[in-house]
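Colleague: Show me how the following folds:
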Amino acid sequence: MSPACANERPDKVTVFIIEDEDSIRALLATFLQRARYEVLTARDAPEARAVWSQNGDAVGLLVADLILPGGNGFELAQEFRKNRPDLKIIFASGNPRNQLLETTQLIKGSKMILKPFSMQQFLEVVAGLLEKN
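Modeller: Numbering: from 1, shown residues only. Coordinates of the predicted model:
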């Protein structure tokens, strides 16, 4: 059974956060851990690829900033989806005019959230995306 199946408890879902800002990455991880999700993190594209190569099979949800050192969240999501077409994705951006926003609409099973957002807003997007099959 996939870690992202909706009928599993949240503590069985692993969420992979890719965010270059340390404070935001730590805050998102805290939000998710308090909601009983397992959490993996990376600060840039090269680190994300390394974490994914070791743990990708366990990840049920990817939370990726669109602009990252060494790449972008959209490219990483496409790369990770090659081996995991069922991977759920949340893209985060602090810039509503980001040109990648339009492209993210094309990825099935993805959502977009604009920074800043509240813990409640974030967790609602996470839960809503994981409930979809």
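
Colleague: which residues in this protein form strands?
Modeller: In the chain, strands defined by DSSP state E lie at 14-18, 38-42, 59-65, 67-68, 71-72, 88-93, 110-114, listed in chain order.

Colleague: right, and these - which one's nearest Ala127?
Modeller: Checking the strands of the chain against Ala127 by C-beta to C-beta gives strand 59-65 as the closest, at 10.2 Å. Quick note: C-beta positions are derived from backbone N, CA and C, even for glycine.

Colleague: Show me where this protein dips below the pLDDT cut-off.
Modeller: Low-confidence segments of the chain (pLDDT under 70): 1-11, 96-106, 133.

Colleague: count of neighbours near the nearest residue to Val51 once chain neighbours are set aside?
Modeller: Closest residue in space to Val51, ignoring its immediate chain neighbours: Ala42 at 4.9 Å, by C-beta to C-beta, 6 or more residues apart in numbering. The local packing of Ala42 (other C-beta atoms under 10 Å) involves 21 other residues.

Colleague: Confirm for me that Ala42 is in contact with Asp22.
Modeller: No - here Ala42 does not reach Asp22: they are 11.7 Å apart, not a contact under C-beta atoms under 8 Å.

Colleague: Next, format the strands of the chain as JSON lines and append distance to Ala26.
Modeller: Conversion of these to JSON lines gives the following (distance: least, C-beta to C-beta, whole Å):
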{"stretch": "strand 14-18", "distance to Ala26": "9"}
{"stretch": "strand 38-42", "distance to Ala26": "8"}
{"stretch": "strand 59-65", "distance to Ala26": "13"}
{"stretch": "strand 67-68", "distance to Ala26": "16"}
{"stretch": "strand 71-72", "distance to Ala26": "21"}
{"stretch": "strand 88-93", "distance to Ala26": "14"}
{"stretch": "strand 110-114", "distance to Ala26": "17"}
